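J.: Predicted model and sequence below, questions to follow.
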Amino acid sequence: MKSINKIQLFQEQKVRSLWDEKKEKWYFSIVDIVGVLSESVNPNNYWKVLKSRLKKEGSQLVTDCNQLKMQSTDGKFYKTDVADTAQVLRLIQSIPSKKAEPFKLWLAKVGKERLDEIENPELAQERMKDLYEQKGYPKDWIDKRLRGIAIRQNLTDEWKERGIKEHRDYAILTAEISKATFGLTPSEYKAFKNLPAKSKINLRDNMDDLELIFTMLGERVTTEISKNEKPDTFTNNKKVAQRGSKVAGNALKETEKELGRNVTSNKNFLNTDNPLKLDK
């Protein structure tokens, strides 16, 4: 596992963290977080007792808990109990602490919002629109982005119907579509746009209008071909993805001939010197 160890601040106190490139997620030292929230003089013992209690209660947090090597104060690396972001949020709910209370209130608020969105899916779309507006995206771009999300969801639903279940397989099929459309895999595209590789930054949130449109075209055509032909193996699904995205790739080339420029852009929303948000 290729990873990067790092010290991060959690409520102005140090928490050891580790980025897993393969899984593309951060892991945090549970003992460090316990120490911050419980203010215990012996966080290792506090976690040992809490871990035992959670295990008796059948908590999935303990079952899913991993151990990774992290650097200690003596400079050496020792196996340490770690948790990803979702597990950290579950851990916070198990610790009686004034410092944990704001997190618990936030989790309760988010939980209620999600339940409301299940009852009324339009609320989810409005929430996403508000979030993009708060980040400074133009409204016409937001409309395309939300439409793209719906098209992507239709495609993943179709893949599920065709027996695609593994995250790795979704990633491979997505890479095939991106490669045939733009000539770049998603990871190559992120590098082209100078987006941090070790992050959860969404590539599509850093695409301009035309990039979003051709992304939607490749995925929509792939969905339609799949619905018509109903591929029953991963290999056949891959061929369908290549054919569907080839339509988008050909359309992109014709567009570039007419415009006299590349559709793919190295602009991103993070670059304040050349920000995507100024392209209106």
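T.: Perfect, thanks for sending it.
J.: most remote residue from the protein's center?
T.: Val41 (35.7 Å; CA atoms, centre = their mean).
J.: And the residue nearest the centre of this protein?
T.: Most central in the chain (CA atoms, centre = their mean) works out to Lys200, at 4.8 Å.
J.: Quick check: it vs Gln125, distance?
T.: Using CB to CB, to the nearest Å, Lys200 is found at 21 Å from Gln125. Where you see a C-beta, it was placed from the backbone N, CA and C, and this is true even at glycine.
J.: So, low pLDDT: which residues of the stretch 51-200 of the chain?
T.: 106-107, 110, 114, 117, 197-199 (pLDDT under 70).
J.: follow-up on the earlier one: what about the residue farthest from the centre of the chain, which SS state?
T.: coil (DSSP: H, G, I helix; E, B strand; the rest coil).
J.: Next up, phi/psi of it, please.
T.: Dihedral pair for Val41: phi -70, psi -20, per degrees, to the nearest 10.
J.: And it, how far from Thr80?
T.: Val41 sits 19 Å away from Thr80, going by CB to CB.
J.: From the contact counts, what lies against the helix or strand encompassing Leu105?
T.: In the assignment (DSSP states H and E), Leu105 maps to helix 101-119. Using 3 or more CB pairs under 8 Å, 6 or more residues apart in numbering; DSSP states H and E, the elements in contact with helix 101-119 are helix 85-93, helix 122-134.
J.: let's go with 6 Å and repeat that
T.: helix 122-134 (3 or more CB pairs under 6 Å, 6 or more residues apart in numbering; DSSP states H and E).
J.: and the direction of the helix it packs on versus that of helix 101-119, what angle?
T.: Helix 122-134 and helix 101-119 meet at an angle of 130 degrees, taking axes from the mean of the first three to the mean of the last three CA atoms, to 10 degrees as the criterion.
J.: Which strands or helices does the following helix or strand past helix 122-134 pack on?
T.: Next along the chain after helix 122-134, taking DSSP H and E as the criterion, comes helix 139-161. Applying 3+ CB pairs under 6 Å, 6+ apart, one finds that helix 139-161 contacts helix 209-229.
J.: The very next helix or strand once past the helix it packs on vs helix 139-161, what angle?
T.: The helix or strand immediately downstream of helix 209-229 is helix 234-259, counting by DSSP H and E. Going by the same axes, to 10 degrees, helix 234-259 is angled at 160 degrees with respect to helix 139-161.
J.: Let me see the mean pLDDT of helix 234-259.
T.: Averaging pLDDT along helix 234-259 yields 97.
J.: in that helix, what counts as buried?
T.: By neighbour count on 16 or more other CB atoms under 10 Å, the buried set for helix 234-259 is 234, 237-238, 240-242, 244-249, 251-252.
J.: Stretch 18-25 too?
T.: 18-20.
J.: Now the terminal residues of that stretch, how far apart.
T.: 8 Å (CA to CA, to the nearest Å).
J.: chain center to that stretch: distance?
T.: 12 Å (CA atoms, centre = their mean, to the nearest Å).
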